[in-house]
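**Q** everything below, folded, please.
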Amino acid sequence: MLNNSFFLILRRMRAPIIALIVIYALAVIGLTLVPGIDAEGHAAPPLSFFHAFYFVSYTATTIGFGEIPNAFSDAQRLWVTVCIYLTVVGWSYSVVTLIALLQDKGFQNTLTLNRFARRVRRLKEPFYLICGCGETGSLIAHAFDRNNQAFVVLEKDELRVEELDLQDFKTDTPALAADARLPETLLIAGLKHNKCRGVLAVTNDENANLAIAIAVRLLNPDVPVIARARTPAVTANMASFGTDHIISPYERFAEHLALAVAAPERFRLIELLTSLPETSIPEPHRPPRGHWILCGYGHFGHALAEHLQPTGITLTVIDPHPISGVASIAGLGTEADTLIAAGIANSVGIIAGSDDDVNNLSIAVTARELKPELFVVTRQNHHANAALFAAYDADFRMVPSRIVAQESIALLNAPLLARFLEQVRRRDEGWSRRLVERLQGLNDGLTPGVWEIRLNISAAPAARHALMHGDGFKLGQILRDPGESDRQLDLVVLMIDRDGECLTLPEPELPLRAGDHLLIASRQSDRQRLELALKNANELSYVLTGREEANWLWKKFSRENKPGA
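**A** Modelled structure (predicted):
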């Protein structure tokens, strides 16, 4: 790429450089041919090549040094005058060409690409590659930044990349306006970098996400991929290529809504665990059972119908196109007559689920005017309309970008979370309610972060050493604050994976073992305190004993000054 920039400069500047060389060559040759005069005014031979070259050199650099070795004849001065104006023309041509080169879009893109590739190569810490930086990618990027996680961004829209520079990120994030579907672009962005920990294909184009997932699987199969999909066909195609995690916001929201109807406390628990960390705790959702109206029967509507009907909810679908197999009425749902014909008087809920935000808001407003107590679910398709949907304040709002971002962050921050959620789905409502109450009290009205740590030599060297070579310790002993050993950290150990066995909500008296894999929910500050204790032997000793461990210098001094030493 550096060669590309260099050769582009040479190609664009070739003509001006040749023109300047020719002009100065003619000036030197002319001075070696035009006769001069001596000090007495008599005719003298022309300048030697050396003196001619010397004169042209300091004249060309605008230094000025006079006429040497003798005063010039009129013929020599006339030739020098001609050469001066020729060089002015030559330099003007060169400067104009250089300015045009610097303003050339292709040259600027080449320099940007070089700078981006150089920054990616110099990354020394693990990073994730985010392909697509719309609303979903932006949410993921900010979550990474809060967790001090490095990342690289590929975004096709140049304006969005420029907007990234205005974001208040802690670090200078490498970002490039390029098509992430191209394998060469992925390689430049660090796909084969030894610090690349994963790729997130979260563009708004599911076919682009498919192309990215396939390219990653072929170019670097060891790197996990999280891909966003919309239709069942693309989802199946991604699965056939072994994509690690496929997130369909339509399917996921349909699952969540059905779970909120069938098991609201379990849904509340899953919502807390998968929300973006350090954000406001969402309001509880309690969708009622009964008859519902579904406006829009595309991919989203199909997914909703498939998941809601097994919960005992009956549906009447409103869609402009004829539908077979379900109770339906032709229309958009924006008209009161259509809603009345669909049975809104006997309905307990309505879903405004079309792919048009204006229509969805119109459906919701009209429905609530007809029946104020109706449970209203809205679908927000575009981030630009977020203020309108927030002003309406529906009972439940579906935002595809936020669903994808939340699940992506949860999977990356704590891969063990997926196994814990499997355990949650087998628990009753009472168990879920009690855990929800504990989690809601962790972070002063904000959602806790869910993270994991393994008690091994890389993540927790001090803890591993104490477990392998010391007296060991119990789970409750390490949950003290390293700054105040009599204060417990505000965190919940959700699960311990011990050699494949899952210990859900372990008791404080459980003895820990080296290699245990802990899944924890806490605020960010308490996470940092616990990580410090597990890594630092002195901090761990203070947490376990309540006494500060003296350093080696003080121990040596104490031994040397001990009586009888």
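
**Q** residue 361 is in contact with residue 392, isn't it?
**A** Yes - in terms of C-beta atoms under 8 Å, residue 361 counts as a neighbour of residue 392; the distance is 6.1 Å. Quick note: C-beta positions are derived from backbone N, CA and C, even for glycine.

**Q** so what sits against both of the two?
**A** Shared contacts of residue 361 and residue 392 (C-beta atoms under 8 Å, 6 or more residues apart in numbering): residue 378.

**Q** wasn't residue 294 part of a strand?
**A** Yes - Residue 294 sits within a strand when classified using DSSP: H, G, I helix; E, B strand; the rest coil.

**Q** distance of it from residue 53?
**A** Distance, residue 294 to residue 53, using C-beta to C-beta, to the nearest Å: 87 Å.

**Q** between those two, who's got more neighbours?
**A** Using other C-beta atoms under 10 Å, the more surrounded residue of residue 294 and residue 53 is residue 294, with 28 against 15.

**Q** which residues does that one contact?
**A** 301, 304, 305, 315, 316, 317, 318, 350, 351, 353.

**Q** which of those residues ranks first by neighbour count?
**A** Busiest of these [other C-beta under 10 Å] is residue 351, holding 34 neighbours.

**Q** longest strand of the protein, counting residues only.
**A** strand 491-498 (DSSP state E).

**Q** run the chain-centre distance for that one.
**A** 27 Å (C-alpha atoms, centre = their mean, to the nearest Å).

**Q** quick one: mean pLDDT for the following helix or strand past that strand?
**A** For strand 491-498, the succeeding helix or strand toward the C-terminus, using DSSP states H and E, is strand 501-504. Averaged over strand 501-504, pLDDT sits at 92.

**Q** list the contacts of strand 501-504.
**A** Against strand 501-504 from outside (C-beta under 8 Å, 6+ apart): 419, 420, 423, 494, 495, 496, 497, 510.

**Q** quickly find the element holding residue 28.
**A** helix 2-31.

**Q** for the residue nearest the centre of the chain, give its distance to residue 231.
**A** Geometric centre of the chain, nearest residue: residue 141, 3.2 Å, by C-alpha atoms, centre = their mean. Counting by C-beta to C-beta, the separation of residue 141 from residue 231 is 26 Å.

**Q** same check, this time on residue 46
**A** Residue 46 is 83 Å from residue 231, by C-beta to C-beta.

**Q** can you check residue 174 too?
**A** 32 Å.

**Q** run through who's touching the helix or strand harbouring residue 437.
**A** Assigned by DSSP H and E, residue 437 belongs to helix 429-440. Outside helix 429-440, the residues within contact range by C-beta under 8 Å, 6+ apart are 263-266, 268-269, 272-273, 281, 424, 448, 492, 505, 521.

**Q** still on that earlier bit, could you check the helix holding residue 28 and say which residues are buried?
**A** For helix 2-31, the neighbour count (16 or more other C-beta atoms under 10 Å) marks 8, 12, 16, 19, 20, 23, 24, 27, 28, 30, 31 as buried.

**Q** does the first one touch residue 108 like I think?
**A** No - Residue 8 is beyond contact range of residue 108, at 10.8 Å (criterion: C-beta under 8 Å).

**Q** and residue 65, helix, strand or coil?
**A** Residue 65 ends up coil, using three-state DSSP.

**Q** against residue 432, how distant is it?
**A** Distance from residue 65 to residue 432, by C-beta to C-beta: 90 Å.

**Q** of those two, which one has the most company?
**A** Ranked by neighbour count (other C-beta under 10 Å), residue 65 and residue 432 place residue 432 first, with 20 against 10.

**Q** dump the buried residues of helix 2-31 to TSV, plus distance to residue 69 and pLDDT.
**A** Shown next, in TSV, are the buried residues of helix 2-31 (distance: C-beta to C-beta, whole Å; pLDDT from 0 to 100):
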residue	distance to residue 69	pLDDT
8	44	70
12	40	78
16	32	87
19	30	89
20	26	88
23	24	90
24	20	90
27	17	90
28	16	92
30	17	91
31	12	89
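
**Q** okay if I get the residues you listed as CSV plus distance to residue 254?
**A** Putting the buried residues of helix 2-31 into CSV (distance: C-beta to C-beta, whole Å) gives the following:
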residue, distance to residue 254
8, 52
12, 56
16, 64
19, 69
20, 70
23, 75
24, 76
27, 81
28, 82
30, 85
31, 87
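
**Q** quick one: which of those residues is nearest residue 190?
**A** Nearest to residue 190, judged by C-beta to C-beta, of the buried residues of helix 2-31 is residue 8 at 24.1 Å.

**Q** could you measure from that closest one over to residue 182?
**A** 20 Å.

**Q** likewise for residue 208?
**A** 10 Å.

**Q** and residue 69, by the same measure?
**A** Residue 69 is 64 Å from residue 182, by C-beta to C-beta.

**Q** and if you look at residue 207?
**A** 14 Å.

**Q** which residue packs closest to residue 13, ignoring adjacent ones?
**A** Taking C-beta to C-beta, 6 or more residues apart in numbering, and ignoring the residues beside it in sequence, residue 13 has residue 97 as its nearest neighbour in space, at 6.2 Å.

**Q** related to what we said a few turns ago, if you count surrounding residues, which of residue 46 and residue 231 has more?
**A** Neighbour count, other C-beta under 10 Å: between residue 46 and residue 231, residue 46 has more, with 17 against 14.

**Q** does the more buried one belong to a helix, a strand or coil?
**A** coil.

**Q** per-residue pLDDT, it?
**A** 90.

**Q** show me the contacts for it.
**A** Contacts of residue 46 by C-beta under 8 Å, 6+ apart are 31, 32, 33, 34, 35, 36, 52, 76.

**Q** gap between the third one and residue 342?
**A** Read it as residue 33. Counting by C-beta to C-beta, the gap from residue 33 to residue 342 is 100 Å.

**Q** among those two, which residue is more densely surrounded?
**A** residue 342 (26 against 11).

**Q** hang on, that one packs against residue 292?
**A** No - contact criterion C-beta under 8 Å: residue 342 and residue 292 do not qualify, at 9.8 Å.
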